[in-house]
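**Q** sharing a model prediction with you, sequence too.
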Amino acid sequence: MAPKRSQTELAVLGALSLAPMSGYRVRAEILSTVGHFWAESFGQIYPALARLEAAALVSRDDSGRYLLTDRGRLRLAELLREAPESAPPRNGVLLRLFFGRKLGVDGCLELLDRMEHDVALKMRTFAEIRAELDPSDPDERFALITVSAGEHNGRATLAWIAESRIALAAAPPASPASDAGPESAAR
C-alpha cells in the first residue's frame, strides 16, 4: 500500500472510529476536526472508502452509512503505529518572499499582512475550539494536544512576521536595474 494511500486510509478509518457516517459526513468530519492540520479531498475519500469496503475494513449499515469492522479497527491500530509520512513543504508565501526582490518591499509587506490576518483568524478558531473541548474527556484531551500545536505554530508565525517586517524595513531600496533581472543588465 502506497504511503499516501495509507495516510488517507488512516484519516478515513480514524473518522469512522468516532461514529458510523456517510462518505459526505466522513469528509465533513475530517474537515472540521483534523482539517486544521490534515487535508483530504472528496477525490481521495471516496476511492479510499471503496478500497476499505472491498478489503472488509468497513461495511455499511441499513441506511448506507460506513462503519468500521473488527478488521478495520485492527488496521487503524496498525496505521496509527506506523511512522508518520513526511511530505515536502509547500508554502506559497515563502516561495514569493524568496523571490521578493522581484516583488518589492511593499509587495512583500502585503503578503505578510494577508498572512497575519489569516493566522489571526486561525488563532481565534483555535480559541473557540479550545473553549468547547473538555480536558477531562479522554478523546477531547488528545484533540486539545492538536489545538495546542496549532496555537504554538500560530504564535511562532506571528513572531516571524514581526521579525520579517523589521528585516524588510531595514532593506535598502532596490534599484530598477537590479529588479529587472540579468537580461536587462546585458542589453
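**A** Received it, and whenever you're ready, just let me know what you need. In this text, all values refer to a predicted model and were calculated from it rather than measured experimentally.

**Q** buried residues, the longest helix seen in the chain. List them.
**A** Taking DSSP state H as the assignment, the helix of the chain that covers the most residues is helix 138-170. Going by neighbour count (16 or more other CB atoms under 10 Å), the buried part of helix 138-170 is 143-144, 146-147, 150-151, 153-154, 157, 161, 164-165, 168. No exception for glycine: its C-beta is placed from N, CA and C like everyone else's.

**Q** now these in CSV, with distance to V26?
**A** Output for the buried residues of helix 138-170, formatted as CSV (distance: CB to CB, whole Å):
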residue, distance to V26
A143, 17
L144, 23
T146, 18
V147, 21
G150, 22
E151, 26
N153, 26
G154, 27
T157, 30
I161, 35
S164, 38
R165, 41
L168, 43
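
**Q** just those now: which is nearest L121?
**A** L121 has its nearest neighbour among the buried residues of helix 138-170 in G154, at 9.8 Å by CB to CB.

**Q** for the closest one, give me its contacts.
**A** Contact partners of G154, counting by CB atoms under 8 Å, 6 or more residues apart in numbering, are 119, 122-123, 126.

**Q** distance of it relative to D118?
**A** Taking CB to CB, to the nearest Å as the measure, G154 falls 10 Å from D118.

**Q** now do E140
**A** According to CB to CB, E140 and D118 sit 26 Å apart.

**Q** burial measure for E128, as a count.
**A** By the criterion of other CB atoms under 10 Å, E128 has 11 neighbours.

**Q** before we move on, what about the one 5 residues further on?
**A** Under the neighbour criterion other CB under 10 Å, L133 is assigned a count of 16.

**Q** now do the one 3 residues further on
**A** Residues contacting S136 under the criterion other CB under 10 Å number 7.

**Q** what pLDDT does the model give it?
**A** Listed pLDDT for S136 reads 94.

**Q** just read off the phi/psi values of L68.
**A** Main-chain dihedrals, L68, degrees, to the nearest 10: phi -70, psi 140.

**Q** quickly list what it is bridged to.
**A** The bridge-partner assignment for L68, based on DSSP bridges, gives V58.

**Q** for it, give me the pLDDT.
**A** 96.

**Q** all strands of this structure, in order?
**A** In the chain, the strands defined using DSSP state E lie at 58-60, 66-68.

**Q** mind putting the ones you listed into TSV with mean neighbour count?
**A** Listed next are the strands of the chain as TSV, based on neighbours: other CB atoms under 10 Å:
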stretch	mean neighbour count
strand 58-60	18
strand 66-68	20
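
**Q** since that was my last question, I'll sign off now.
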